[in-house]
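Visitor: test case, fold it:
(one chain, ligands or ions: 3)
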Amino acid sequence: MFSLNGSSFLNNSLSGVSKSLTQSTQRKISAPSVVVASVSSNGRPADRNVSVLMENTLKEMRENAAPSSSSSSPVTEKESKSTVGGGVEDVYGEDTATEDQYITPWTVTVASGYPLLRDPHYNKGLAFGEKERDAHFLRGLLPPVVVSQALQVKKMMANMRQYQVPLQRYMAMMDLQERNERLFYKLLIENVEELLPVVYTPTVGEACQKYGSIFRQPQGLFISLKEKGRILEVLRNWPEKKIQVIVVTDGERILGLGDLGCQGMGIPVGKLSLYSALGGIRPSACLPVTIDVGTNNEQLLNDEFYIGLRRRRATGQEYAELLDEFMTAVKQNYGEKVLIQFEDFANHNAFDLLAKYGTTHLVFNDDIQGTASVVLAGLITALNLVGGTLSDHRFLFLGAGEAGTGIAELIALEISKQTNIPVEEARKKIWLVDSKGLIVKSRVESLQHFKRPWAHEHEPVTTLLDAVKTIKPTILIGSSGAGRTFTKEVIEAMTALNEKPVILALSNPTSQSECTAEEAYTWSEGRAIFASGSPFSPVEYNGEFYASGQANNAYIFPGLGLGLIISGAIRVHDDMLLAASEALAEQVSQENLDKGLIYPPFSNIRKISAQIAARVAAKAYELGLATRLPQPENLVKHAESCMYSPNYRNYR
Ligand SMILES: NC(=O)C1=CN([C@@H]2O[C@H](COP(=O)(O)OP(=O)(O)OC[C@H]3O[C@@H](n4cnc5c(N)ncnc54)[C@H](OP(=O)(O)O)[C@@H]3O)[C@@H](O)[C@H]2O)C=CC1
Ligand SMILES: CC(=O)C(=O)O
Ligand SMILES: [Mg+2]
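Guide: Numbers count the residues shown, from 1 in each chain. Ligands and ions are numbered 1, 2, ... in the order given. The predicted structure is shown next:
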């Protein structure tokens with residue numbers, strides 16, 4: 001997001017602060033302003049001419065210091081500015097309570113000329129109009145032509161399609177994000193099905209593996225053990241002050257690729273791009289964080305280009321203390337209502353972190369809860385194709401970690417609600433296999449705590465194939481991170497047992513998928529209802545085309561996050577996950593079902609996210625967890641109106 005040398009760092013990194021200071025006024029101002037520390041200007045022509053613009057900006061800031069009733073933003077002025085000073089933002093460090101804290105002496109100037117072209121939030125490239133070029137000292141800095149954003153999108157897509165190697169596309173997209181943020185989002189929103197596999201799974205997996213080698217500009221906030229005791233200070237280095245969503249990882253379980261240490265940063269960056277593109281959260285309100293506690297990945301430790309701490313992972317107290325400092329600092333810096341999404345932590349930390357902070361912070365774990373919600377939605381839809389209710393089915397999982405047990409628990413909860421049986425009873429319909437075989441009672445003492453509820457009475461079974469034969473599942477779910485584990489024999493066994501076997505290969509990226517779409521359709525003779533975590537192209541089998549859906553939490557977390565934000569929710573509740581599942585399932589049309597699709601196309605995702613957000617927000621109000629009162633009358637419309645728009649704004 002910024003270069004680390006000289007004044008461009010200063011200007012770029014601080015540019016976001018101006019947005020936070022002027023956010024309430026943006027509709028009126030529209031002029032790109034930046035805030036800089038009190039450092040003298042370098043005397044460029046643009047700087048000599050800023051005084052009038054600067055005065056205007058300051059005037060407008062003063063005028064708009066009071067709450068604006070015309071703002072359609074879901075964040076009210078009062079809420080967004082509360083600090084120790086009794087609800088008034090302490091911009092100048094005037095509060096007694098903050099006396100011992102350092103402050104930065106900000107002054108305001110206006111971005112124009114060369115720095116404006118280098119500011120990704122405001123840069124429009126060739127789309128700067130004639131008047132803007134005059135008003136902002138851009139004459140001569142751009143070639144004469146003025147083009148539309150639509151033409152820029154067309155050109156970028158044509159360029160993108162020239163790249164044969166997926167990683168090159170990823171790098172081109174990241175470069176665009178750093179150069180012209182609105183164009184990046186415009187491209188992503190308008191070409192979501194084509195670009196999702198570029199900025200997200202599977203390509204983001206390869207990008208994380210090679211992050212050190214392809215590293216150009218830092219994205220997101222890196223918090224390592226070196227920063228212990230100073231995390232609040234580090235958070236304050238981030239240019240944006242009004243953060244609504246944080247996606248944080250410690251890089252220990254990146255997709256199904258294992259421990260990638262600090263290079264896991266690609267995941268929070270990618271997930272937050274989806275928060276904005278798919279869920280409409282403002283990019284400036286999103287903060288990607290990677291907590292670097294070392295890595296146990298020998299290959300990375302020996303890689304001269306590795307970007308993280310060159311030490312083995314901290315564990316126990318050292319780990320817990322760093323995480324606790326982070327969680328405390330986040331609340332201190334951004335308040336109660338910042339949403340923290342835990343992402344790609346290893347399961348030995350993930351469940352504990354969720355349990356520990358679930359009662360004190362607005363948190364959820366995407367791998368445990370987001371995945372559960374998306375899979376439940378797919379299963380509710382699949383019932384239209386295979387018949388029966390959820391409780392009529394038998395579920396078998398390969399993989400009993402975060403995703404596996406998270407999904408299993410939400411299915412059990414839904415069955416329990418639908419049938420009025422205790423959740424313990426509902427769990428008996430669900431079986432899980434881990435690396436040691438079927439989870440059964442006789443193994444209970446040696447099982448991690450999150451597996452224990454699934455240890456049912458049964459004799460030991462060591463292979464998946466034997467588990468399929470003995471449990472006779474109607475639904476098989478892969479959440480193992482182990483590629484090609486749904487063998488021909490396994491899928492044939494499922495097909496022998498079921499007219500239409502439901503087979504979900506959730507593991508990411510594509511290399512770790514339990515089977516390919518082609519394998520699922522071929523080995524099941526075209527009878528499988530199949531979906532996968534990473535996308536597969538349609539498959540031809542016996543002269544027919546089979547399209548499969550993408551069972552990925554990307555359907556859920558953007559809408560869930562939006563719903564939490566617009567309602568001002570203070571906690572995430574399981575019923576919100578169920579509400580999100582129902583909302584997603586309702587978006588699957590008969591036309592989708594006729595093609596065997598159990599998820600709607602991603603091309604409609606913003607509409608889908610608005611529906612999910614509305615349902616989640618409604619649940620927050622119903623549960624008394626919402627703080628943004630009164631409840632808007634039409635939550636879908638409200639969600640849509642709150643969504644980020646990547647269209648260029650006019651500058652005066
Ligand atoms: N599609 C989506 O939206 C999502 C997909 N995922 C994917 O799911 C996968 C797993 O993630 P997560 O649950 O967090 O990981 P975990 O590490 O928490 O769990 C993995 C589980 O798989 C088991 N396992 C691993 N290899 C084998 C094998 N060869 N045979 C049988 N069991 C095996 C492990 O067994 P043991 O416990 O014995 O070690 C463990 O129970 C990843 O690839 C991830 O990308 C995750 C979240 C969302
Ligand atoms: C999709 C996702 O969150 C994962 O594979 O970890
Ligand atoms: Mg994940």
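
Visitor: what residues does the stretch 301-450 of the chain have near ligand 2?
Guide: Contact residues (C-beta under 6 Å from any ligand atom) of the stretch 301-450 of the chain with ligand 2: 344, 366-367. C-betas here are computed from N, CA, C, even on glycine.

Visitor: same thing but at 8 Å, please
Guide: 343-344, 366-367, 370-371, 403 (C-beta under 8 Å from any ligand atom).

Visitor: next: the chain.
Guide: When proximity is defined as C-beta under 8 Å from any ligand atom, the chain approaches ligand 2 at 200-201, 253-256, 267, 271, 343-344, 366-367, 370-371, 403, 506-509, 533, 552-554.

Visitor: give me the residue from this protein nearest ligand 1.
Guide: Gly401 (1.9 Å; C-beta to the nearest ligand atom).

Visitor: just checking, that residue touches His348?
Guide: No: the pair Gly401 / His348 is not scored as a contact, 9.7 Å apart, by C-beta atoms under 8 Å.

Visitor: tell me which of those two has more neighbours.
Guide: Between Gly401 and His348, counting by other C-beta atoms under 10 Å, Gly401 is the more crowded of the two (25 against 13).

Visitor: give me the phi and psi for that one.
Guide: Per-residue torsions, Gly401: phi -110, psi -140 (degrees, to the nearest 10).

Visitor: test my guess that Thr485 contacts Thr463.
Guide: No: with contact defined as C-beta under 8 Å, Thr485 does not reach Thr463; the gap is 10.2 Å.

Visitor: when those two are compared, which one has more neighbours?
Guide: When neighbours are counted by other C-beta under 10 Å, Thr485 and Thr463 differ, and Thr485 comes out ahead with 19 against 14.

Visitor: look up how far Asp95 lies from that one.
Guide: Look at Thr485 and Asp95: by C-beta to C-beta, to the nearest Å, they are 58 Å apart.

Visitor: list the contacts for the residue nearest to Tyr200 when sequence neighbours are not counted?
Guide: Once flanking residues are discounted, Tyr200 sits nearest to Gly270: 5.1 Å by C-beta to C-beta, 6 or more residues apart in numbering. Contact analysis of Gly270 by C-beta atoms under 8 Å, 6 or more residues apart in numbering lists 199-200, 204.

Visitor: is the residue in the chain that ligand 2 sits nearest to in a helix, a strand, or coil?
Guide: Of all residues in the chain, Asn508 sits closest to ligand 2, at 3.7 Å by C-beta to the nearest ligand atom. Classification of Asn508 by DSSP: H, G, I helix; E, B strand; the rest coil places it in coil.

Visitor: just checking, it touches Pro535?
Guide: No: applying C-beta under 8 Å, one finds Asn508 not in contact with Pro535, separated by 10.2 Å.

Visitor: who has more neighbours, the two?
Guide: Neighbours per residue, other C-beta under 10 Å: of Asn508 and Pro535, the larger number sits with Asn508, 23 against 19.

Visitor: relative to Tyr200, how far out is that one?
Guide: Using C-beta to C-beta, Asn508 is found at 9 Å from Tyr200.

Visitor: which of the residues of the chain next to ligand 2 fall within helices?
Guide: Among those, the residues falling in helices (DSSP state H) are 267, 271, 371, 403.

Visitor: contact partners for Arg527?
Guide: Going by C-beta under 8 Å, 6+ apart, Arg527 touches 495, 498-501.

Visitor: could you point out which element follows the host helix or strand of Lys607?
Guide: Assigned by DSSP states H and E, Lys607 falls within helix 605-622. The element immediately downstream of helix 605-622 (helix or strand, assigned by DSSP H and E) is helix 635-641.

Visitor: now do the buried residues in that next one.
Guide: Under the neighbour-count criterion of 16 or more other C-beta atoms under 10 Å, helix 635-641 has 635-636, 638-640 buried.

Visitor: next: stretch 208-222.
Guide: In terms of neighbour count (16+ other C-beta under 10 Å), stretch 208-222 has its buried residues at 208-212, 214, 219-222.

Visitor: please apply the same query to stretch 643-652.
Guide: Neighbour counts using 16+ other C-beta under 10 Å place 643-644, 646, 648, 651 of stretch 643-652 among the buried residues.

Visitor: got it, and stretch 136-148?
Guide: 136-138.

Visitor: likewise stretch 559-576?
Guide: By 16+ other C-beta under 10 Å, the buried positions in stretch 559-576 come out as 559-569, 571-573, 575-576.

Visitor: what do you get for stretch 461-477?
Guide: Buried residues in stretch 461-477 (16+ other C-beta under 10 Å): 461, 464, 467-468, 471, 473-477.

Visitor: what's that stretch in contact with?
Guide: Contacts for stretch 461-477 (C-beta under 8 Å, 6+ apart): 375, 379, 382, 386, 393-399, 404, 407, 431, 433, 436-438, 440, 458, 485-487, 489-490, 493-494, 497-498, 501-504, 506.
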